[in-house]
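Chemist: For reference, the sequence and a predicted model appear below.
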Number of protein chains: 2
Amino acid sequence: MPKGFSFKLIKECKQTGARLGELTTPHGIIKTPCFMPVGTQATVKAVLPKDLVEIGAEIILANTYHLYLRPTDKLVAKAGGLHSFMAWDKPILTDSGGFQVFSLGDMNKITDDGVEFRSHIDGSKHYFTPEKAVEIQENLGADIIMAFDECAPYPATREYTIKAMNRTHAWAKRCKIAQKRDDQALFGIIQGGMFADLRVESTKALTDMDFFGLGIGGLSVGEPKELMYEMLEGIRHELPKEKPHYLMGVGSPDCLVNGVMRGVDMFDCVLQTRSARNGLALTSTGRKMLRNAEYKDDFSPIDEKCDCYACKNFSVAYIRHLIKAEEMLAAQLITLHNLRFSLNLMERIREAILSDSLADFARSVTY
Amino acid sequence: MPKGFSFKLIKECKQTGARLGELTTPHGIIKTPCFMPVGTQATVKAVLPKDLVEIGAEIILANTYHLYLRPTDKLVAKAGGLHSFMAWDKPILTDSGGFQVFSLGDMNKITDDGVEFRSHIDGSKHYFTPEKAVEIQENLGADIIMAFDECAPYPATREYTIKAMNRTHAWAKRCKIAQKRDDQALFGIIQGGMFADLRVESTKALTDMDFFGLGIGGLSVGEPKELMYEMLEGIRHELPKEKPHYLMGVGSPDCLVNGVMRGVDMFDCVLQTRSARNGLALTSTGRKMLRNAEYKDDFSPIDEKCDCYACKNFSVAYIRHLIKAEEMLAAQLITLHNLRFSLNLMERIREAILSDSLADFARSVTY
C-alpha cells in the first residue's frame, strides 16, 4: 500500500451497483463517487485554483503527455512537483499519456517495448515505454498515477483488441516494477474494447496484479452509450470491491449517474470545460447553447437551481453578450458553472446512495 | 449637485500639486487619487468582479461606444442598468463614446451637430450627437458620465485644434442641457491639444459651465510624456480646486505619479489589462515580458513586493508555461497582478500625500 493512501467503502447502494467511499491521499480525502475536473496543461482552463476549491473540487487531473512535452516533467520536478507548480494542494491524478500518444501524437511505431511518436507541438520525435511513463509521472508528482496502456480504437477487430489488451497487461506489470516512489498510488487500466468476455479477462488480469485502484479505459471512444453501459455491467461483479474504480474520460451528466450505478467511483471528462468555451452550459433542465438568439434578453441565471458564482450573479443575457463580444469572462463563468453543476451532481448522487434512492434520483437526471 | 454625490478635498500635498480626496457616489465612496480599471464591454477583461473587489478596485470604467453597438444601451437598460447587468455594485464611469467614434469607427462626417460613423463590428451607419451620447449614458446608468467631445489627433494644427476645442465646448453645453437623470454626475472634458494657452482657455470655459467634475482629454495620444506633463502643469492652477480632475486614458506607473503631482485625481488606462494579455507584467522593478526565455525556470513570483493572488501563489516559470501553452489562466493571473500593482501604487501615492512625502516617493517609481 502506498504511503498515506487508503480506500474505504462506506456504503453499497441497495437499489443499484453504486458505492459510497472515501479515498485518502497525502493531499487530502476525496469523497467518492467523484468527478475530476481536467487540467490538461497544469491548469483547469479558465479557472483560478481558489475558485476550483470554492466549487468543491477535491481532485483534478493533469496530462502526462502534454506536461512531458511542455514545460517538461523535469521543469515541473524542479518547481517542486505539480502541486507546487500549479498552486493546487489537493489531490492530483495524472494519466499515463497512453491515450494522448495514440490520439494526439503522430504515431510512428508501436512495438511490445513502447511507442514512438511525434509531438503535436513541434513534430519532434519521442519514445514512451511503460518505464518512461512511470518516470515522467514520478517527476510530475501527482498523488495517483496511471499505468501506460494501449487504447484500441473503435471499432477494432477482436484480434487487434486482444493484442492491445495483452500488451496493456504486460505494460501494467512493467509499470508496477518500474515504480520507485512509495508515495504515489498506481492504478492499472482495464482494456478489452467492446468485447464483454475480453473486458472480464482484462479485469481479472489487472486485479491479480493488485494495483491500488483500477482504471477502465477504452470506453467513450465513439461507441453508443448503451454499449459502454453493457461493458461496465459485464465487469461489475468482477471488479475488486475494496479498490477504487475509475472510468476514464467519461463525464456527461447521464454517464455519471449510469456509471455510478454500475460501480464506478471516479470520473474525469473535458466536456465541462471544453463545451463551456463553446458557450454550452449543462443545466438541470438540459443543455443550453448560450450563444443562441433566444437568450438575448433572458435575464434569468444559467440554471435557477445552481449555487455557483455565475448563477448567483449573472444573467444568461449578460453571458450571451460576453460570448458575442468574444470576452474571456464568458468561458470563465460558463466553465465555473459547468464544473459546479457536475460536482453538485456528484454530491447529490452521494446523498442518494446514502438514502438508498439512487435509482429514483437517476430518473430525474434527464440527459 | 447630482443626488448622492459629493467631492471632498482632504489634503493638499505640501511638496507637489497632489490632492487627497474622497468622491462619494450613489454606489460608494472612491478614495482619490484613484486608478479605474477599464471594462470596455461591461467586463474588465479576464477578471471576475469579485476578484476586482478583492484587489481594491473602487470604480471601473465602461465604454459607451462599445455598449451602444453591443449589446445596445437599450438591452442594458432592460437589464436594470450596467451595475446589475455586469454584477458590479460599486461606482462605474462611462466615457461619452467621443474618443472611440474618432479612433475606432470608420468616421464619415463630423459637423457642429454631431458625428456620423460606421460600426467597427458590422459597418452599419450610426449618428452620435451630444444629446444622443447623454441619452445612451443615461440608459447605461453609470454613476459618472462624460460630455461628448472631439478629441483632435496628434499632431494637429493650431487652427484645427481651436475648431475641435470650440466644438467640444458647444457640445459640453448641449450635454448639460440634455441631461435628464439627476442621479448621475456629468463631467465636462477639457481639450486644446498641445497648445498651453488653448488648454487654459478650455479649462476656463469648462469651469464656467460648472460640471460636477472635469475630464482632461486629448492627452497620451502619441505626444512625448514631457509634453503631456507640460500641458497638465499649464492648467494646474486653473483647475477648480473643489472639483475632481480626471486625466483620461492615462495610467502607466510613471504617468500616474506624475499626473497626481500635477493635480490629477482620477485615471483610467487599458495598459494594465491589454499588456497582461500580451504577457507583460508591471512590477516594482520594471516591466517584465514573461514570455521571454530568461523566465523559463524562474520560480520567484512576478513581483516579490506584490500581495496579489498571482504573486502569492504562482511563479514566473508557471505563468510563462501558461503563456507558451496558450492557456487563458496566463491572462487571468497577469491581469489580476497588473491591476493590483496599479491599485496598490495609488494606495501608496495616497499615503505619501498624507505624509507629505510624494516627491520623494515619486523618485522611487523607476519608470
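Modeler: Cool, got the structure. Everything numeric here is computed off the predicted structure, so don't read it as measured data.

Chemist: ok, now which ones touch the residue of the stretch 101-250 of chain A found nearest chain B?
Modeler: Proximity of the stretch 101-250 of chain A to chain B (Cβ to the nearest Cβ) peaks at residue A:121, 9.1 Å away. Every residue, glycine included, has its C-beta placed from N, CA and C. Neighbouring residues of residue A:121 by Cβ atoms under 8 Å, 6 or more residues apart in numbering or on different chains: A:69, A:70.

Chemist: so which strand or helix has it?
Modeler: When elements are assigned from DSSP states H and E, residue A:121 belongs to no helix and no strand.

Chemist: pLDDT value on it, please?
Modeler: pLDDT, residue A:121: 93.

Chemist: Make sure residue A:131 is indeed in a helix.
Modeler: Yes - Residue A:131 forms part of a helix when assessed by DSSP: H, G, I helix; E, B strand; the rest coil.

Chemist: Chain neighbours aside, what residue packs nearest to it?
Modeler: Using Cβ to Cβ, 6 or more residues apart in numbering or on different chains and skipping the chain neighbours, the partner closest in space to residue A:131 is residue A:178 (4.3 Å).

Chemist: now do residue A:313
Modeler: residue B:87 (4.0 Å).

Chemist: Could you pick out the residues of the stretch 1-150 of chain A near chain B for me?
Modeler: Residues of the stretch 1-150 of chain A found near chain B (Cβ under 8 Å from any Cβ of the partner chain) are A:41-43, A:45-51, A:66, A:70-71, A:75, A:78-79, A:85-87.

Chemist: Restrict those to the buried ones and give me that as a ChimeraX selection.
Modeler: Selecting just the buried residues from those in ChimeraX takes one command, with 16 or more other Cβ atoms under 10 Å in any protein chain shown as the test:
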select /A:41,42,43,45,46,47,48,49,51,66,71,75,79,85,86,87
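
Chemist: So for the lowest-mean-pLDDT helix or strand in chain A, what gets flagged as buried?
Modeler: Ranked by mean pLDDT, DSSP states H and E, the helix or strand of chain A with the weakest confidence is strand A:106-110, at a mean of 81. Using 16+ other Cβ under 10 Å as the test for burial, strand A:106-110 gives residue A:110.

Chemist: so the residue nearest to residue A:131 makes contact with residue A:145?
Modeler: No - under the criterion of Cβ atoms under 8 Å, residue A:178 makes no contact with residue A:145, lying 10.7 Å away.

Chemist: For these two, work out which one has more neighbours and name it.
Modeler: residue A:145 (27 against 20; other Cβ atoms under 10 Å in any protein chain shown).

Chemist: what sits opposite that one in the beta ladder?
Modeler: Judged by DSSP bridges, the bridge partners of residue A:145 are residue A:94, residue A:186.

Chemist: End to end on stretch A:280-297, go ahead and measure it.
Modeler: Counting by Cα to Cα, to the nearest Å, you get 17 Å between the two ends of stretch A:280-297.

Chemist: List the contacts of that stretch.
Modeler: Counting by Cβ under 8 Å, 6+ apart, A:253, A:271-272, A:275, A:279, A:302-306, A:316-317, A:319-320, A:323-324, A:330, A:334, A:337-338, A:341-342, A:366-367, B:71, B:75, B:78 sit against stretch A:280-297.

Chemist: Put the buried members of these into a ChimeraX selection.
Modeler: Buried residues among the contacts of stretch A:280-297 (16+ other Cβ under 10 Å), as a ChimeraX selection:
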select /A:253,271,272,275,279,302,303,306,316,317,319,320,323,324,330,334,337,338,341,342 /B:71,75
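
Chemist: So which of the contacts of stretch A:280-297 belong to strands?
Modeler: Using DSSP state E, no member of these falls within strands.

Chemist: Which members of the contacts of stretch A:280-297 occur in helices, if any?
Modeler: A:253, A:271-272, A:275, A:316-317, A:319-320, A:323-324, A:330, A:334, A:337-338, A:341-342, B:75, B:78 (DSSP state H).

Chemist: related to what we said a few turns ago, what is in contact with residue A:178 and residue A:145 at once?
Modeler: residue A:134.

Chemist: Give me the contacts around stretch A:200-207.
Modeler: Residues outside stretch A:200-207 that contact it (Cβ under 8 Å, 6+ apart) are A:165, A:168-169, A:172, A:188-192, A:214, A:234-235, A:238-240.

Chemist: State the pair within those residues that is farthest apart.
Modeler: Spatially, the most separated pair among these is A:172 and A:234, at 19.8 Å (Cβ to Cβ).

Chemist: more crowded one of those two?
Modeler: More crowded of residue A:172 and residue A:234, by other Cβ under 10 Å: residue A:172, with 28 against 18.

Chemist: and that one, how far is that from residue A:105?
Modeler: Distance of residue A:172 to residue A:105, computed by Cβ to Cβ, to the nearest Å: 21 Å.

Chemist: so residue A:187 makes contact with residue A:149?
Modeler: No - under the criterion of Cβ under 8 Å, residue A:187 is not in contact with residue A:149, lying 10.2 Å apart.

Chemist: Give me the more crowded residue out of these two.
Modeler: residue A:149 (32 against 28).

Chemist: isn't there a helix covering that one?
Modeler: No - counting by three-state DSSP, residue A:149 is not found in a helix; it is coil.

Chemist: you'd agree it is up against residue A:173?
Modeler: No - Residue A:149 lies out of contact with residue A:173 (Cβ under 8 Å); the separation is 11.9 Å.

Chemist: what residue lies at the spatial centre of chain A?
Modeler: The centroid of chain A falls nearest to residue A:268 when counting by Cα atoms, centre = their mean (2.0 Å).

Chemist: quick one: it and residue A:8, what's the gap?
Modeler: 21 Å.

Chemist: Extract the CA atoms of stretch A:169-182 and return them as CSV.
Modeler: Coordinates of each C-alpha in stretch A:169-182 appear next as CSV, following Å, rounded to 0.1, in the frame of the first residue of the first chain:
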residue,chain,number,x,y,z
HIS,A,169,-1.3,-6.2,-19.3
ALA,A,170,2.4,-6.7,-20.0
TRP,A,171,2.9,-2.9,-19.7
ALA,A,172,0.9,-2.8,-16.5
LYS,A,173,3.3,-5.3,-14.9
ARG,A,174,6.3,-3.3,-16.1
CYS,A,175,4.9,-0.1,-14.7
LYS,A,176,4.5,-1.8,-11.3
ILE,A,177,8.1,-2.9,-11.4
ALA,A,178,9.3,0.5,-12.6
GLN,A,179,7.6,2.4,-9.8
LYS,A,180,10.2,3.9,-7.4
ARG,A,181,8.2,6.4,-5.3
ASP,A,182,6.2,4.9,-2.5
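
Chemist: Centre of the chain to that stretch, how far?
Modeler: 21 Å (Cα atoms, centre = their mean, to the nearest Å).

Chemist: Buried residues, that stretch. List them.
Modeler: A:169, A:171, A:172, A:173, A:174, A:175, A:176, A:178, A:179.

Chemist: Could you do stretch A:264-274 as well?
Modeler: Residues of stretch A:264-274 classed as buried: A:264, A:265, A:266, A:267, A:268, A:269, A:271, A:272, A:273 (neighbour count, 16+ other Cβ under 10 Å).

Chemist: Also stretch A:346-359?
Modeler: A:346, A:349, A:350, A:352, A:353, A:358.

Chemist: How much space separates the last one from chain B?
Modeler: The one in question is residue A:358. 35 Å (Cβ to the nearest Cβ, to the nearest Å).

Chemist: so which strand or helix has the nearest residue to that residue once chain neighbours are set aside?
Modeler: Closest residue to residue A:358 apart from its sequence neighbours, by Cβ to Cβ, 6+ apart: residue A:352 at 4.2 Å. Per DSSP H and E: residue A:352 is located in helix A:328-354.

Chemist: what's the angle from that helix to helix B:328-354?
Modeler: 110 degrees (axes from the mean of the first three to the mean of the last three Cα atoms, to 10 degrees).

Chemist: Report the distance from helix A:328-354 to the chain centre.
Modeler: Helix A:328-354 sits 14 Å away from the centroid of its parent chain (Cα atoms, centre = their mean).

Chemist: The next helix or strand after that helix packs against which elements?
Modeler: Counting by DSSP H and E, the next helix or strand C-terminal to helix A:328-354 is helix A:358-364. Applying 3 or more Cβ pairs under 8 Å, 6 or more residues apart in numbering or on different chains; DSSP states H and E, we find helix A:358-364 packed against helix A:253-260, helix A:328-354.
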